[in-house]
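Enquirer: How does the following fold in three dimensions:
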Amino acid sequence: MAKSKAAKQKKTVTKSKSEEQAADANSSKSNKGPKGKNKIKRKNKSADTEVGTGDDGVTQGEDTGTEGKDTDTQGKDTEQTGSILSSINLADEYEFDSSDEEDIRNTIGNVPMEWYENYEHIGYDVKGMKIGKPPTRDELETFLNKVDNPDYWRTVFDKKTGEEITLSPEDVATIQQIQSSRYTGGEDPYAPWTDFFTHEKMIHPVTRRPEHKRSFIPSLLEKKKVSHYVHALKMGWIKPLAETYMKKDEGPRFYDIWGNTENSELTKRQRAHISAPKMKLPGHEESYNPPPEYVPTEEEILAWNESHPEDRKTDFLPKKYDCLRRVPAYKNFMIERFERCLDLYLCPRQRRLRVRVQPEDLLPQLPKPKDLQPFPTTQAIVYQGHKSYVRSISVDPSGQWLVSGSDDMTVRFWEISTGRCLKTVKVSGAVHSVAWCPNQAVCLAVAVVGNTLLIINPGLGDKLVVSSTEKLLEEEEKKEEEEEDKPSNPLVEWLPPDEDLQDQGVGLTIKHFKDLKQVTWHGRGDYFAVVIADGGHSSVMIHQLSKRRSQTPFKKSKGLVQCVAFHPVRPFFFVATQRYVRVYNLLKQELTKKLLTNAKWVSSISVHPGGDNVLVGSYDCRLSWFDMDLSTKPYKTLRHHRQAIRHVCYHKRYPLFASAADDGVVVICHGQVYNDLLQNPLIVPVKILRGHSITTSLGVLACEFHPSQPWIFTSGADSTIRLYT
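Expert: This is a model prediction of the structure:
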C-alpha cells in the first residue's frame, strides 16, 4: 500500500509540473514581455529545477511532496490544482513570438516605415496577411479633431501600426519626468530619508576595515573610457544631441519678412538705414552780434564779391546788429533749403567699410640702397676755372680727361684725377654743347659755338694717338682741296680754322646756316649729328668726319627738335621733339616707333647701353623710363625733382642712371635691366647729390658718368664742375 501511494504521489507531482508549465506559458503570452519567455526557457532546460514562484501554491505542494511529510494533504492539493489547470485551454508558446519588444501585430521587423509610403498596407501579420493602412485624415479633419477631442494633446501616432494611441496619466507623468531630467523609476526618489544608523556619536565604529588601495588610485578603466570618448568627440564620431536634433528638423524654411526679425541675418541689410549727413552747426560768424574779428573789412568784402562762389570760404558775409529784432530775413534761405533737399533726394548713399591701411604698406617693397652699391655718394673734386654757366661736359673714353664748355666763351680740358686745367681754347661765343669722340684711336672733341662746329685736337694722352689725330686732320685738308671744285651743300661749309684757333688746336670748322643747339657722336666715332635751332626740315644734320660729307636725313619737319641720339648697337636714330620721341631706321629710312612721353616739353634723352630702354627728361619735372619692347608709353614716370630737368644720362657699365635739374640736385637711381624679357626693369632711387648752388633760377645744367668707374661729373650755373665718387 505504501508503494502504490508513493507511485500515485509521483504521478500527481509530474502532472502538476506539466500543467504548471502550461499555465506559465499562458501567463507569458498575456504579459507580452521577454521575462516570461526567459522563464519558460529556463524551465525547459532542466527538469530538476523549481518551476517558479506561483501564487497558487503548487510549489509548496511539490516541496512537501519531496520532503515526504503529510502525504495525504499533498495528494489532495495536487488533485485540486490539476483540476483547475485542466480547465485552461493551452496554446502554442511561440504563436506571438517576435524579435523585438514592440507591438508584435506587425511582423515586418526592423525596417524603415518609409518603405511603405507608396503602398496601401503597412506590413504583415503573423499569418502573412497584409495589414491595411487606416484612413488618413486631411488637414480640416485634423483641425476639427484637435478642437473637439479633449484628449488630443496626449494622443500620439504609432507609425508601425498606423493607429492613434491615447497616453495614460502615468505615461504623461513619465514623459514629463524625462523632459525635466528627473528619475523615472518605480520608487519615489523624494521619499523621506530613513536614518539606518543613529545620529549619536558611538564609541565603537560600525566597521574598522582599512580602506582598499583602489580607493586612493584613479581608475585606469575610467581613464580609458574617458579618453575614448574624447577621441570620438574630436573625430566627430560622437555628436551632441543638439546637432542631431537640428539635422532631423532640416527641411523647407519659410521667413516672415513682415514680422519682427530684429536678429535675422537676412533682413539686416534691409534694416541698415543710412541716415542723411547732418548739417554743420553754426559758428560765431553766423551770430547776429559776432566778435569784431569775424566782421570783414571793406577790402575783404570786395575780395569776397570778386571771387568765384566755389572759392569762397563762406556763403555769406557776417554782419553785426544791435539786437535780434533788427536782423532781417535771410535772402538765400529758400535756395539753400531747396539745394539741401535736392542733395538728399539725388545723392546715393551707401555704407563703406573703413579700410585701415598702414602707410608702410602702400610703399613698394624695394631693396635697400646698401645692397645696390656701388654708386656715387660723396663729393671728391671741384673743378674751378670757368666764370659763367658751364652748360656742357664730356668725358674721354679712357676716363682720364674731361672737356667742358661755358658761357664765358672758353672750352677747357681737365685732368680728372688731379683737377688741373690742362688746356683752354678761347672761342668767339658761348659754348652750348661739347662732345668727346668715342673712338679711342684718335683724340678729338667737338664744340658748338653759335652756328659753327669746332673740331679740336687737344693734344692730350699718348703721342701715337695725338700724331694719328693730326694725320687724320691733314688728310681731311687735302681732301677738302680736291673737292673744292665739286658742288657743296649750301647749308653747310667745311672750312679750315683761323690762325688763332689753329694755334689753340682747332683742326677744322663746320659752318651752318643757323645757330646750333646740340652735338652727339655715333658709337664708332666717324659720324656725328647736330641739332639746328629753328632749322625747319633741316633741323637735324649728320656729318661724316672721314669723308667730310653732310646730309639732312629729313625732308619734312615733324616739330621743334630738341635733341637727338644714336642707338649704341643698331642703325637707329632717336629724334626728340617737344612731346614725342621718334625712332628711325637709317638703313630702311623709315619710322620704326613713336614714343609718347606725356610731357609738355622734352629737354634731353639718353639711350641705355643695351639699346632697349630710353630715358627722357622734361622741363615739367618728369623723368620717363621707356621699355621699347614693352610699349610706346612710359614704363615708369619719376617725379623726384621740383624744378625743370636739364639733363639725363645712363652709365655704360653699371646699372645706374642720373638726372640733373634746376633745383640744384642730382638724383642717382639704380636701373637694372634683365635679360629675361618677362621680368620688368628694377628702378630704385638710391642717392640725392647736393653741392651746386642755384644761380638766377638755374641749378645743375649737365651730368655725365665716368666710362669705367661709378663716378659722376656735374656742371652747374655756379660756374663749377664737381666729381662725386
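
Enquirer: Okay, buried residues for stretch 437-451 please.
Expert: Neighbour counts over stretch 437-451 (16 or more other CB atoms under 10 Å) mark C437, P438, N439, V442, C443, L444, A445, V446, A447, V448, V449, G450 as buried. Heads up, the C-betas are built off the backbone N, CA and C, glycines and all.

Enquirer: need those in CSV with pLDDT, secondary structure and distance to A232, can you?
Expert: Shown next, in CSV, are those (pLDDT from 0 to 100; DSSP: H, G, I helix; E, B strand; the rest coil; distance: CB to CB, whole Å):
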residue, pLDDT, secondary structure, distance to A232
C437, 91, coil, 89
P438, 91, coil, 84
N439, 89, coil, 88
V442, 88, coil, 93
C443, 88, coil, 93
L444, 89, coil, 93
A445, 91, strand, 92
V446, 92, strand, 92
A447, 93, strand, 94
V448, 93, strand, 93
V449, 92, strand, 98
G450, 89, coil, 99
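
Enquirer: want to throw those into JSON lines with distance to G671?
Expert: Below are those laid out as JSON lines (distance: CB to CB, whole Å):
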{"residue": "C437", "distance to G671": "26"}
{"residue": "P438", "distance to G671": "21"}
{"residue": "N439", "distance to G671": "27"}
{"residue": "V442", "distance to G671": "31"}
{"residue": "C443", "distance to G671": "31"}
{"residue": "L444", "distance to G671": "30"}
{"residue": "A445", "distance to G671": "28"}
{"residue": "V446", "distance to G671": "28"}
{"residue": "A447", "distance to G671": "30"}
{"residue": "V448", "distance to G671": "29"}
{"residue": "V449", "distance to G671": "34"}
{"residue": "G450", "distance to G671": "36"}
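
Enquirer: Farthest pair within these?
Expert: Spanning the widest gap among the buried residues of stretch 437-451 are N439 and G450, at 26.1 Å by CB to CB.

Enquirer: What pLDDT is listed against the residue nearest to the spatial centre of the chain?
Expert: For the chain, the residue nearest the mean C-alpha position is D361 (11.6 Å; CA atoms, centre = their mean). In this prediction, D361 carries a pLDDT score of 79.

Enquirer: Start at 40, not 1
Expert: Okay, using 40 as the starting number, the last item reads as D400.

Enquirer: That one and N719: what is the separation?
Expert: Look at D400 and N719: by CB to CB, to the nearest Å, they are 21 Å apart.

Enquirer: repeat for I684
Expert: 23 Å.

Enquirer: More neighbours: which of those two?
Expert: I684 (28 against 13; other CB atoms under 10 Å).

Enquirer: Check which helix or strand the residue lying closest to that one once chain neighbours are set aside maps to.
Expert: In space, and not counting its chain neighbours, I684 is closest to G656: 3.8 Å by CB to CB, 6 or more residues apart in numbering. G656 is part of strand 652-657, with elements assigned from DSSP states H and E.

Enquirer: Following that strand in sequence, what is the next regular element?
Expert: strand 662-666.

Enquirer: Would you state the strands of the stretch 590-739 of the chain in chain order?
Expert: Using DSSP state E, counting those that start in this stretch, the strands of the stretch 590-739 of the chain run over residues 602-605, 611-615, 619-624, 629-635, 641-646, 652-657, 662-666, 675-677, 684-689, 695-700, 704-711, 721-729, 739-744.

Enquirer: May I have the strand or helix carrying the residue nearest to the centre of the chain exported as CSV, CA atoms only?
Expert: Counting by DSSP H and E, the element that carries D400 is helix 398-401. Only the C-alpha atoms of helix 398-401 are listed here, as CSV (Å, rounded to 0.1, in the frame of the first residue of the first chain):
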residue,chain,number,x,y,z
PRO,A,398,51.5,104.0,-44.7
GLU,A,399,54.3,101.5,-44.9
ASP,A,400,52.1,99.0,-46.8
LEU,A,401,51.5,101.5,-49.6
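
Enquirer: how distant is it from the center of its chain?
Expert: Helix 398-401 sits 14 Å away from the centroid of its parent chain (CA atoms, centre = their mean, to the nearest Å).

Enquirer: Let's see the very next helix or strand once past it as PDB, backbone CA atoms only.
Expert: Beyond helix 398-401 on the C-terminal side, the first helix or strand identified by DSSP H and E is strand 418-423. Coordinates of each C-alpha in strand 418-423 appear next as PDB, following Å, rounded to 0.1, in the frame of the first residue of the first chain:
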ATOM      1  CA  GLN A 418      81.800 114.900 -53.500                       C
ATOM      2  CA  ALA A 419      85.500 114.300 -54.300                       C
ATOM      3  CA  ILE A 420      86.800 117.100 -56.500                       C
ATOM      4  CA  VAL A 421      85.600 120.600 -57.600                       C
ATOM      5  CA  TYR A 422      86.900 121.800 -60.900                       C
ATOM      6  CA  GLN A 423      87.100 125.700 -60.800                       C
END
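
Enquirer: which stretches of this structure have low pLDDT?
Expert: Per-residue confidence of the chain (counting by pLDDT under 70) places the weak regions at 40-144, 225, 283-312, 388-390, 514-528.

Enquirer: Can you tell me the closest non-neighbouring residue to Y713?
Expert: In space, Y713 is closest to P720, 7.1 Å off (CB to CB, 6+ apart).
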